[in-house]
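> what would the 3D arrangement of this be:
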Amino acid sequence: MTAEPRSAELALSLAEAARLMKSEDIGSLPIVEEGRLVAVLTDRDIVVRAVAEGVDPKATVIGDIASRDPVTVEPEQDLDEALVLMAQHQVRRLPVVESERLVGVLAQADVAQEAKSKQAGEVVGQISKPTGIQST
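A predicted model of the protein is given here:
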(Lines give C-alpha, C1' and ligand atoms only; values in the text may rest on other atoms or scores of the structure.)
Protein backbone atom coordinates (compact mmCIF):
# COMPACT_ATOMS: atom_id res chain seq x y z
CA MET A 1 0.00 0.00 0.00
CA THR A 2 1.15 3.49 -0.74
CA ALA A 3 0.51 5.48 2.42
CA GLU A 4 -0.46 9.16 2.20
CA PRO A 5 -0.84 9.19 -1.59
CA ARG A 6 -0.97 12.36 -3.63
CA SER A 7 -4.50 13.63 -4.03
CA ALA A 8 -6.29 16.55 -5.65
CA GLU A 9 -9.47 18.56 -5.31
CA LEU A 10 -12.44 18.51 -7.67
CA ALA A 11 -11.69 21.99 -9.08
CA LEU A 12 -8.20 21.14 -10.37
CA SER A 13 -7.95 21.47 -14.15
CA LEU A 14 -7.51 18.33 -16.18
CA ALA A 15 -4.25 19.70 -17.61
CA GLU A 16 -2.84 20.26 -14.10
CA ALA A 17 -3.98 16.80 -12.98
CA ALA A 18 -2.33 15.16 -16.00
CA ARG A 19 0.93 16.98 -15.26
CA LEU A 20 0.73 15.90 -11.62
CA MET A 21 0.07 12.28 -12.60
CA LYS A 22 3.02 12.37 -15.00
CA SER A 23 5.42 13.91 -12.48
CA GLU A 24 4.38 11.46 -9.75
CA ASP A 25 4.31 8.52 -12.19
CA ILE A 26 0.82 7.47 -11.09
CA GLY A 27 -2.11 6.06 -13.06
CA SER A 28 -4.81 7.23 -10.69
CA LEU A 29 -5.35 10.30 -8.59
CA PRO A 30 -7.65 10.21 -5.56
CA ILE A 31 -9.88 13.25 -5.30
CA VAL A 32 -10.76 14.57 -1.88
CA GLU A 33 -13.13 17.21 -0.61
CA GLU A 34 -12.54 18.43 2.94
CA GLY A 35 -10.29 15.42 3.48
CA ARG A 36 -12.89 12.88 2.41
CA LEU A 37 -12.47 10.72 -0.68
CA VAL A 38 -15.15 11.63 -3.24
CA ALA A 39 -13.77 10.35 -6.56
CA VAL A 40 -10.77 8.94 -8.38
CA LEU A 41 -9.33 10.19 -11.65
CA THR A 42 -7.69 7.43 -13.68
CA ASP A 43 -5.65 7.48 -16.85
CA ARG A 44 -8.60 5.67 -18.44
CA ASP A 45 -11.00 8.46 -17.35
CA ILE A 46 -8.73 10.96 -19.08
CA VAL A 47 -8.66 8.96 -22.33
CA VAL A 48 -12.32 7.91 -22.49
CA ARG A 49 -14.08 10.93 -20.95
CA ALA A 50 -11.79 13.73 -22.05
CA VAL A 51 -9.44 13.00 -24.96
CA ALA A 52 -11.95 10.86 -26.89
CA GLU A 53 -14.64 13.50 -26.32
CA GLY A 54 -12.39 16.38 -27.41
CA VAL A 55 -12.67 18.41 -24.21
CA ASP A 56 -10.30 21.26 -23.50
CA PRO A 57 -7.97 20.05 -20.71
CA LYS A 58 -7.31 23.59 -19.51
CA ALA A 59 -11.00 24.45 -19.27
CA THR A 60 -12.18 21.13 -17.82
CA VAL A 61 -12.01 20.37 -14.12
CA ILE A 62 -11.33 16.84 -12.96
CA GLY A 63 -14.59 16.74 -11.04
CA ASP A 64 -16.36 16.67 -14.42
CA ILE A 65 -14.71 13.46 -15.64
CA ALA A 66 -13.53 11.56 -12.56
CA SER A 67 -15.13 8.32 -11.40
CA ARG A 68 -17.43 9.09 -8.48
CA ASP A 69 -18.14 6.76 -5.54
CA PRO A 70 -15.00 4.68 -6.01
CA VAL A 71 -14.73 1.17 -4.67
CA THR A 72 -12.57 1.28 -1.54
CA VAL A 73 -11.02 -0.94 1.11
CA GLU A 74 -10.23 -0.38 4.76
CA PRO A 75 -6.72 -0.75 6.22
CA GLU A 76 -7.54 -3.97 8.08
CA GLN A 77 -9.32 -5.59 5.12
CA ASP A 78 -7.96 -8.93 3.91
CA LEU A 79 -5.83 -8.84 0.75
CA ASP A 80 -7.88 -11.66 -0.79
CA GLU A 81 -11.02 -9.53 -0.41
CA ALA A 82 -9.23 -6.59 -2.04
CA LEU A 83 -8.20 -8.77 -4.97
CA VAL A 84 -11.80 -9.96 -5.42
CA LEU A 85 -13.00 -6.32 -5.43
CA MET A 86 -10.37 -5.42 -8.03
CA ALA A 87 -11.54 -8.27 -10.26
CA GLN A 88 -15.25 -7.56 -9.78
CA HIS A 89 -14.90 -3.86 -10.56
CA GLN A 90 -12.10 -4.16 -13.14
CA VAL A 91 -9.77 -1.77 -11.29
CA ARG A 92 -6.05 -2.03 -10.67
CA ARG A 93 -5.97 0.28 -7.65
CA LEU A 94 -8.18 0.67 -4.62
CA PRO A 95 -8.20 3.70 -2.35
CA VAL A 96 -7.73 2.73 1.29
CA VAL A 97 -10.04 4.72 3.54
CA GLU A 98 -10.57 4.96 7.25
CA SER A 99 -13.67 6.84 8.42
CA GLU A 100 -14.12 8.10 4.84
CA ARG A 101 -10.63 9.65 4.91
CA LEU A 102 -8.02 8.61 2.37
CA VAL A 103 -5.08 6.88 4.07
CA GLY A 104 -3.52 5.03 1.13
CA VAL A 105 -3.84 3.31 -2.23
CA LEU A 106 -3.56 -0.43 -2.69
CA ALA A 107 -2.36 -1.49 -6.14
CA GLN A 108 -2.43 -4.89 -7.83
CA ALA A 109 1.36 -4.84 -7.62
CA ASP A 110 1.11 -4.52 -3.82
CA VAL A 111 -1.14 -7.57 -3.65
CA ALA A 112 1.13 -9.53 -5.98
CA GLN A 113 4.20 -8.62 -3.93
CA GLU A 114 2.51 -9.69 -0.70
CA ALA A 115 1.44 -12.97 -2.28
CA LYS A 116 4.96 -13.52 -3.56
CA SER A 117 6.41 -12.87 -0.09
CA LYS A 118 3.88 -15.21 1.53
CA GLN A 119 4.57 -17.90 -1.05
CA ALA A 120 8.32 -17.54 -0.53
CA GLY A 121 7.80 -17.89 3.23
CA GLU A 122 5.78 -21.07 2.70
CA VAL A 123 8.49 -22.54 0.45
CA VAL A 124 11.18 -21.72 3.01
CA GLY A 125 8.98 -23.30 5.67
CA GLN A 126 8.65 -26.46 3.61
CA ILE A 127 12.38 -26.60 2.92
CA SER A 128 13.17 -26.12 6.61
CA LYS A 129 10.58 -28.66 7.76
CA PRO A 130 12.15 -31.54 9.72
CA THR A 131 11.87 -34.83 7.86
CA GLY A 132 13.30 -37.15 10.47
CA ILE A 133 16.20 -37.98 8.16
CA GLN A 134 19.55 -36.97 9.52
CA SER A 135 22.64 -36.46 7.50
CA THR A 136 25.92 -37.93 8.70
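
> can you find the helix or strand of the chain with the lowest average pLDDT?
In the chain, no helix or strand scores lower on mean pLDDT, DSSP states H and E than helix 108-127, which sits at a mean of 63.

> which residues does the spatially most central residue of the chain bridge with?
The chain has Arg93 as the residue nearest its centroid, 2.6 Å off, counting by CA atoms, centre = their mean. As for beta bridges, Arg93 partners with Ala107 under DSSP bridges.

> next up, the contacts around it.
With contact set as CB atoms under 8 Å, 6 or more residues apart in numbering, Arg93 has these partners: 27-28, 40, 42, 105-108. For the C-beta atoms, the positions are set from N, CA and C on the backbone; glycine is no exception.

> mind giving me the PyMOL select for those residues, buried ones only?
Selecting the buried subset of those in PyMOL, with 16 or more other CB atoms under 10 Å as the burial test, is done by:
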select buried, resi 28+40+42+105+106+107
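
> now the contacts of Arg93 as TSV including distance to Val51?
Formatted as TSV, those follow (distance: CB to CB, whole Å):
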residue	distance to Val51
Gly27	15
Ser28	16
Val40	18
Thr42	13
Val105	23
Leu106	27
Ala107	23
Gln108	24
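
> for Asp69, state which of the contacts of Arg93 is nearest.
Taking CB to CB as the measure, Asp69 lies nearest Val40 of these, at 9.5 Å.

> close enough to count as contact, Glu33 and Ala11?
No - the pair Glu33 / Ala11 is not scored as a contact, 9.5 Å apart, by CB atoms under 8 Å.
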